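> Quick one: sequence plus predicted model below, questions after.
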Amino acid sequence: MPDKIVLRNISKVFTRDERELQALIDINIDVKEGEFLSIVGPSGCGKSTLLNIIAGLLRPTTGEISLDGQLLKGINTKIGYITQKDNLLPWRTTRENIEIGLEIRDVSKSERKSQAIKLINRVGLAGFEDHFPNELSGGMRKRASLARTLIYNPDVLLMDEPFSAVDAQTRLILENQLLELWGGTGNTILFVTHDLEEAISLSDRVIVFSARPGTAKTVNSIPLVRPRDTIKIRFNEDFIKIYGGIWKDLEEEVGKAEELKTKAELEKMECDQEGFRTSFDENTGP
Amino acid sequence: MKEKSKGIIKLNTQRILFGIGLLLLWELISGEPAYLTVDLKVFTLRIPYHIEPFWISCPSEIISRLFELAKSGQLTFHLSITIFEMIVGFIIGASLGISLGFWLGRKATLAKIVDPYIMAVYSLPKIALAPLFILWFGIGVDMKIAIAAIIVFFLVFYNTLGGIRSVDPELVDVIRVIGANEREILRKVILPSTYPWIFTGFKLGIPYALIGAVVGELIATNKGMGYLLMEYSGWFDTSGVFAVLFVLMIVATILNLAVNHAEEYLMRWRMGLPS
């Protein structure tokens, strides 16, 4: 399989209040065409930053990205981006939300409608076409946002912890639904999560990210057969073995991330104390 | 559902009865001054149970005055002038408020520079501008329109600006990745997400437009509901004053109800009501 997305020497430094924060460092990843690739890592490791860079919403400090062999400049409109928040437009009904990609592509009204209805049925939202997002459950909103992306048929899907906001049971159902929708399309999915079980059960390959500054620590192939049932597969012996292997790498990074967090909190506390001291001095002047 | 509508009918009946009760009480109190005297040994307590109609008029008198006003065509004439001033003032103020709010909302640096100046003008009691507007526009209808317009302008302007600033950047990003250009983002994301804010501005602005028009008329004019108020008050005609106030109250109530209904319909996506 040829490479769909190639990331070369990507790094990202954020500057805020004259402080620098290295979010990503030296990332080299090749995403193969048609594969389901997951990135797992502790929170705050820059996974979302990386997806924002691939979507063209953020510029990397160094490095370059190519898609289908072409260097990416500006917003990447060839991909579909599904974020943690469903980001449906609250003033549009389910169907109107799903149609927006076709609207932007100037597809005729009747064609838009028929395609949207087809997709609404496929993701199991029939009967909710004319509901507004705030009348839908979390899982339904997720499905609507998936349908909104699938309707314009991007060959790459970026998914940033898409199911982290829904309850555990709904999540399992949504994962299976995602695999069903994806199966046979030949689309490439880059999936970010902090849930290792989710990553393994869905993916062809799993990349473990290090704690900040984030970088690809290990790349693991998941040789489990497809089609998979994301619920049953968790009891599979191979699954458990793979999980154990990858968890060791991940655990270490999670530990480091916790340390970083504690350190950051301590620094913040010190700052606060300094701030307190200055204001105290001012107040007790002559 | 049935239980609910029954409850509403009951509530409305109670409300109407309460209103009738108030009017009856008013009618009864109004009359030749009379006092209930209670001798408490130390001093005598005089409780008035009748008040001179000169001060408070009475409902029957006000109603007959209303009919008179309506019959003579005076009510239609003066009311239509006030409503005209209010509507034109509202339209001018609201459209300027929306346009300027949008324009400034997209220019962050400029907005920061001019912010204190706009705030300063905003803090000015708008009614205090009336003498200036008389100089500029004379004492005709234009002056009342100007007062109504400037009050509405600030309400709509600040709300539009707030709306633009509260647009969720993630929504913009998501639609941008789907392939929208700047114009489509403005039309499909930014504009609709400011609607509730603009609507709040409208909702505040409509009663204020009425206030602006009437106050303008109170200051200087020879027509409109404000003029009628001044006229009656000049004649010491309390019933006339109450009749005009009653009409203004009805107009304001109808406007508020209309705006609330429009909001419920247009903003149903915010309420979580089934469509």
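The structure has been received and is ready for your questions.

> where along chain A do the strands fall?
A:3-16, A:19-32, A:36-40, A:62-67, A:70-71, A:79-82, A:156-160, A:188-193, A:205-209, A:216-221 (DSSP state E).

> thinking B:G224 is in contact with B:S80, fair?
No. When contacts are counted by CB atoms under 8 Å, B:G224 is not listed as touching B:S80 (9.2 Å). Bear in mind the C-beta positions are built from the backbone N, C-alpha and C, glycine included.

> Between the two, which is the more surrounded one?
Taking other CB atoms under 10 Å in any protein chain shown, B:G224 and B:S80 do not tie; B:G224 has more neighbours (26 against 13).

> Could you check how far that one is from chain A?
Distance, B:G224 to chain A, using CB to the nearest CB, to the nearest Å: 39 Å.

> Now for that residue: which residues touch it?
Residues in contact with B:G224 (CB atoms under 8 Å, 6 or more residues apart in numbering or on different chains) are B:H78, B:I81, B:T82, B:E85, B:K144, B:A213, B:V214, B:E217.

> Which one (most neighbours) among those?
B:K144 (34 neighbours).

> can you confirm that one is in a strand?
No. Counting by DSSP: H, G, I helix; E, B strand; the rest coil, one finds B:K144 to be helix, located in no strand.

> Skip the chain neighbours and tell me the closest residue to it.
B:G216 (3.5 Å; CB to CB, 6 or more residues apart in numbering or on different chains).

> okay but A:L190 is in contact with A:I39, surely?
Yes. With contacts counted by CB under 8 Å, A:L190 reaches A:I39, the gap being 7.2 Å.

> those helices in the stretch 51-200 of chain B, which residues are they?
Counting by DSSP state H, counting those that start in this stretch, the segments of the stretch 51-200 of chain B that form helices are B:53-56, B:59-71, B:74-105, B:108-123, B:130-137, B:141-165, B:169-178, B:182-185, B:191-219.

> again, but for the stretch 51-200 of chain A
For the stretch 51-200 of chain A, applying DSSP H, counting those that start in this stretch gives helices covering A:94-104, A:109-122, A:138-150, A:168-182, A:196-202.

> Residues in contact with the last one: which ones?
Outside helix A:196-202, the residues within contact range by CB under 8 Å, 6+ apart are A:36, A:38-40, A:163, A:171, A:175, A:178-179, A:191, A:193, A:206, A:222, A:224, A:228, A:230, A:233-234, A:239, A:242-243, A:246-247, A:250.

> Just the buried subset of those, written out for ChimeraX, thanks.
Buried residues among the contacts of helix A:196-202 (16 or more other CB atoms under 10 Å in any protein chain shown), as a ChimeraX selection:
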select /A:36,38,39,40,163,171,175,178,179,191,193,206,222,228,230,233,239,242,243,246,247,250
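
> mind giving me the domain ranges of chain B?
B:1-56, B:60-271 (automatic domain parsing).

> In a markdown table, list the ones you listed along with mean pLDDT.
Shown next, in a markdown table, are these (pLDDT from 0 to 100):
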| stretch | mean pLDDT |
| --- | --- |
| domain B:1-56 | 85 |
| domain B:60-271 | 91 |
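
> ranking the ones you listed by burial, who's on top?
Highest mean neighbour count of these: domain B:60-271, a mean of 18 (counted as mean count of other CB atoms under 10 Å in any protein chain shown).

> Report the distance from that domain to the chain centre.
8 Å (CA atoms, centre = their mean, to the nearest Å).

> try stretch A:191-198
9 Å.

> same deal with stretch A:117-134?
Remark: stretch A:117-134 is offset 23 Å from the chain centroid, using CA atoms, centre = their mean.

> ok, back up a step: got the domains of chain B as a markdown table, with distance to A:K118 columns?
Converted to a markdown table, the domains of chain B look like this (distance: least, CB to CB, whole Å):
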| stretch | distance to A:K118 |
| --- | --- |
| domain B:1-56 | 35 |
| domain B:60-271 | 19 |
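
> between those domains, which one is nearest to A:D86?
Evaluated over those, closeness to A:D86 peaks at domain B:60-271, with 9.3 Å, by CB to CB.

> if I read this right, the residue nearest to B:K144 contacts B:I147, doesn't it?
Yes. Between B:G216 and B:I147 there is a contact at 4.4 Å, judged by CB under 8 Å.

> Now narrow the contacts of helix A:196-202 to whatever sits close to chain B.
Applying CB under 8 Å from any CB of the partner chain, the subset of these adjacent to chain B is empty.

> which intervals of chain A have sub-threshold pLDDT?
A:265-286 (pLDDT under 70).

> Can you name the residues of it that neighbour chain B?
A:55-57, A:75-77, A:79-81, A:83, A:85, A:87, A:89-93, A:100-101, A:103-105, A:130-135, A:148-149, A:152.

> Just the buried subset of those, written out for PyMOL, thanks.
To isolate the buried members of the residues of chain A next to chain B in PyMOL, using 16+ other CB under 10 Å:
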select buried, chain A and resi 55+56+57+75+76+77+79+80+81+83+85+87+89+90+91+92+93+100+101+103+104+131+132+133+135+148+149+152
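
> What is the nearest of the contacts of B:G224 to B:Y117?
Closest to B:Y117, out of all of the contacts of B:G224 and judged by CB to CB, is B:K144, at 26.0 Å.

> What separation do you get for that closest one and B:N256?
Distance, B:K144 to B:N256, by CB to CB, to the nearest Å: 21 Å.

> that older thread, which one of the domains of chain B lies nearest to A:I5?
domain B:60-271 (14.6 Å).

> how near is the residue in the stretch 151-286 of chain A positioned nearest to chain B to A:I100?
Closest contact between the stretch 151-286 of chain A and chain B, by CB to the nearest CB, is at A:Y152 (6.9 Å). For A:Y152, the distance to A:I100 equals 9 Å [CB to CB].

> Could you do B:G216 as well?
From B:G216 to A:I100 the distance is 46 Å (CB to CB).

> ok, now A:L224?
Distance from A:L224 to A:I100, by CB to CB: 36 Å.

> Contact residues of the stretch 101-250 of chain B facing chain A?
Residues of the stretch 101-250 of chain B lying close to chain A (CB under 8 Å from any CB) are B:168, B:170-171, B:173-180, B:184, B:188-189, B:192-193, B:195.

> if I pick the residue positioned nearest the centre of chain B, what's in contact with it?
Nearest to the mean C-alpha position of chain B, by CA atoms, centre = their mean, lies B:P207 at 1.1 Å. For B:P207, the contact set (CB under 8 Å, 6+ apart) comprises B:A252, B:L255, B:N256.

> And for B:I185?
B:I185 sits in contact with B:V172, B:I175, B:R176, where contact means CB under 8 Å, 6+ apart.

> can we see that at 10 Å?
For B:I185, the contacting residues are A:I104, B:V167, B:L171, B:V172, B:D173, B:I175, B:R176, B:L191, by CB atoms under 10 Å, 6 or more residues apart in numbering or on different chains.

> cool, B:I164 as well?
Contacts of B:I164 (CB under 10 Å, 6+ apart): B:101-106, B:111, B:190-191, B:193-194, B:197-198.

> Hmm, A:R143 is touching A:L125, no?
Yes. At 5.7 Å, A:R143 counts as touching A:L125 under the criterion of CB atoms under 10 Å.
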